[in-house]
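J.: My questions are about this predicted structure, shown below with the sequence.
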Amino acid sequence: MDFELKTLSRARVAAEKCDALVVLVPEQSPTEADLISALIGHALKQGDFEPKPGRLLQAYRTPGLATSRLVLVGAGDGSAKQVRSAVTAALGALKGSNVRRVIVSLGWLAGDVNGPASAAVLAAADAVYTYQFTKSKPVPAKLQAVLLAVPDAQAVRASFDKSVGVARGVALAKEWGNRPANHATPTLLAGAAKELAKLRGISVQVLGPKEVAKLGMGSFMAVAQGSEEQLRFIVLSYKGAARGQAPVVLVGKGITFDTGGISIKPAGEMDEMKFDMCGAASVLGTFRALAELQPALNVVGLIPSCENMPDGRALKPSDVVTSMSGQTIEVLNTDAEGRLILCDALTYAERFKPRAVVDIATLTGACVIALGAVRSGLFSSDEGLAQALSAAGDAAMDPCWRMPLDEDYAEGLKSNFADVANIAGRAAGSVTAAKFLQRFAGQYPWAHLDIAGTAWKSGAAKGATGRPVGLLVEYLLGQAQTPAPLVSAAPKAEKAPKAAKKAPSAPRKRVTRPA
Ligand code: BES
Ligand code: MN
Ligand code: ZN
């Protein structure tokens with residue numbers, strides 16, 4: 001899909017040739033002499049059109065207009081949010097048609113259109129995306145190009161470019177999220193990462209079972225051991241700043257299918273557990289956007305990826321595994337596997353002496369209960385990081401909500417047979433999962449995004465959303481504005497978040513059986 005930005009006045013846009021012209025009409029739309037304004041005026045006066053977000057009125061081959069179709073769409077108060085609804089409705093209505101080239105005009109909106117321009121690009125990309133990969137007769141999308149018409153292109157150029165980059169990242173995250181588990185195995189995900197490494201600034205390293213065993217990732221390996229599919233540990237790197245600059249590390253949960261393992265899930269809706277790699281997909285998507293936008297910072301992406309399957313060799317409840325940190329974990333429920341693969345990736349992250357580590361995971365059903373599909377769960381013991389992520393989410397219309405990490409929540413994770421158990425009671429399930437992860441993230445500022453409710457939609461519109469690529473890119477672009485500490489100068493002890501200090505220090509030894 002092609003996006004273009006152009007300065008076009010209200011009068012000029014009427015003379016621009018295209019298959020469809022979408023005009024966003026706010027409640028307070030200007031009454032002017034140009035043809036389109038006059039049409040809007042009539043339609044409003046006759047009561048044939050209401051400027052409420054998403055309301056449509058279409059006209060065909062209107063004399064005086066160069067477009068074949070004119071689509072008036074209500075844009076409500078003209079805010080970014082209502083513009084998003086408007087563009088979703090308008091392009092949704094055009095989706096099945098023959099329309100190839102659309103102009104979306106923001107010329108009737110008042111004031112600064114930076115927010116609406118971003119919202120329009122993202123909504124257009126979202127509306128046009130169609131899953132094709134496993135259809136025997138793919139229907140290529142007719143709609144090829146969207147031109148955004150604004151009063152002053154220069155004033156919105158930066159927001160426009162940013163949102164085009166984000167849209168490409170979101171599309172990649174949606175695509176990999178949507179692919180069925182047999183078409184998105186750990187090996188295929190690693191292939192997607194290798195494709196990204198062809199882009200400017202990106203490189204990748206893919207580790208297999210042998211290398212992962214050598215690193216001592218006993219917890220990650222334990223989850224993978226019940227599957228015929230080999231695990232992969234993907235290490236992506238984007239270099240946009242000096243080598244010595246401490247990177248931001250993103251860690252994405254890459255369970256390509258979560259049956260629950262021996263603690264098997266009920267059959268109903270189990271298909272949706274193909275989306276259990278949406279954290280990983282959001283990391284891939286974010287790197288896609290980085291390649292597009294080339295910000296001046298360093299970013300590392302870590303993706304532990306495997307299936308969670310029941311099998312004769314599978315991990316069992318009561319098994320005790322030894323994580324890369326040296327901490328032993330009693331597996332009381334094999335369905336709490338996300339934290340078991342993430343904890344080893346969090347330990348691996350230490351070697352980059354990161355300025356911050358953010359993990360992204362479809363981690364708990366409890367987070368869906370707590371926050372639904374509107375906001376992702378945000379957990380962090382670092383005030384600055386929490387605020388930056390939360391502000392980025394609001395700015396990108398990809399919001400999250402801060403959740404608590406009081407030490408009291410870790411009570412239920414105590415084990416009689418290991419350093420920690422992998423589950424606590426039913427209460428506050430998303431928080432206890434985060435408390436588990438926090439034990440492995442004591443060496444750097446850390447945040448955890450639980451995207452179980454936001455990464456995909458169920459029901460008739462079943463499909464990945466590409467969230468939280470928007471949030472992550474917004475956050476990273478913000479970080480590119482603030483100088484990073486040099487890796488060598490990163491003061492380890494000071495960086496450790498307070499609460500995490502209470503967690504037992506990580507003894508790097510193997511557990512041996514007592515004599
Ligand atoms: N991938 C699931 C979390 C999930 C469940 C996301 C439903 C979205 C919808 C995760 O691996 C899981 O199974 N978590 C368990 C944890 C429990 C066993 C402590 C859960 O949430 O039920
Ligand atoms: Mn699970
Ligand atoms: Zn899972």
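T.: Received, thanks. Numbers count the residues shown, from 1 in each chain. Ligands and ions are numbered 1, 2, ... in the order given.

J.: buried ones in stretch 367-380?
T.: 367-368, 370-371, 375-380 (16 or more other Cβ atoms under 10 Å). For the C-beta atoms, the positions are set from N, CA and C on the backbone; glycine is no exception.

J.: Can you check the pLDDT for the residue in the stretch 151-300 of the chain that ligand 2 sits nearest to?
T.: Across the stretch 151-300 of the chain, no residue is closer to ligand 2 than Asp258, which sits at 4.4 Å (Cβ to the ion). The confidence metric pLDDT takes the value 99 at Asp258.

J.: and it, what does it touch?
T.: Shown in contact with Asp258 (Cβ atoms under 8 Å, 6 or more residues apart in numbering): 265, 273, 276, 307-308, 335, 337-338.

J.: So which of the buried residues of stretch 367-380 sit within helices?
T.: The helices, defined by DSSP state H, take in 367-368, 370-371 from the buried residues of stretch 367-380.

J.: quick check, nearest of the buried residues of stretch 367-380 to Gly466?
T.: For the buried residues of stretch 367-380, the minimum distance to Gly466 (Cβ to Cβ) is 12.5 Å, reached by Ser376.

J.: what pLDDT does the closest one get?
T.: Reported pLDDT for Ser376: 99.

J.: The nearest residue to it once chain neighbours are set aside: how many residues sit nearby?
T.: Nearest non-adjacent residue to Ser376, counting by Cβ to Cβ, 6 or more residues apart in numbering: Cys400, 4.2 Å away. Cys400 has 26 neighbouring residues, counting by other Cβ atoms under 10 Å.

J.: Is Cys400 in contact with Leu389, as I believe?
T.: Yes. When contacts are counted by Cβ atoms under 8 Å, Cys400 is listed as touching Leu389 (6.5 Å).

J.: and for those two, which residues touch both?
T.: With contacts defined as Cβ under 8 Å, 6+ apart, the residues shared by Cys400 and Leu389 are 378, 449, 471.

J.: re the thing from before, please narrow the contacts of Asp258 to those residing in strands.
T.: In this view, the contacts of Asp258 that belong to strands under DSSP state E are 307-308.

J.: Can you add neighbour count and pLDDT and give the contacts of Asp258 back as JSON lines?
T.: Converted to JSON lines, the contacts of Asp258 look like this (neighbours: other Cβ atoms under 10 Å; pLDDT from 0 to 100):
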{"residue": "Lys265", "neighbour count": "16", "pLDDT": "98"}
{"residue": "Met273", "neighbour count": "20", "pLDDT": "98"}
{"residue": "Asp276", "neighbour count": "27", "pLDDT": "99"}
{"residue": "Glu307", "neighbour count": "27", "pLDDT": "99"}
{"residue": "Asn308", "neighbour count": "30", "pLDDT": "99"}
{"residue": "Asp335", "neighbour count": "20", "pLDDT": "98"}
{"residue": "Glu337", "neighbour count": "30", "pLDDT": "99"}
{"residue": "Gly338", "neighbour count": "28", "pLDDT": "99"}
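
J.: ok so, going back, contacting residues around the residue nearest to Ser376?
T.: 375-378, 389-390, 393, 449, 468, 471.

J.: same deal with Pro209?
T.: Counting by Cβ under 8 Å, 6+ apart, Pro209 has contacts 221, 224, 230-231.

J.: And the residue of the stretch 401-515 of the chain closest to ligand 3?
T.: For the stretch 401-515 of the chain, Cβ to the ion, closest residue to ligand 3: Ala452, 8.4 Å.

J.: in what helix or strand does Lys6 lie?
T.: Taking DSSP states H and E as the criterion, Lys6 maps to strand 2-7.

J.: and the helix or strand just after that strand, how far out from the chain's middle?
T.: Per DSSP H and E, the first helix or strand lying C-terminal to strand 2-7 is helix 10-13. The chain centre lies 37 Å from the centre of helix 10-13; the measure is Cα atoms, centre = their mean, to the nearest Å.

J.: Can you tell me which of the contacts of Asp258 end up in helices?
T.: When these are checked against helices (DSSP H), the matches are Gly338.

J.: show me which of the contacts of Asp258 neighbour ligand 3.
T.: When contact is defined as Cβ under 5 Å from the ion, the contacts of Asp258 meet ligand 3 at 276, 338.
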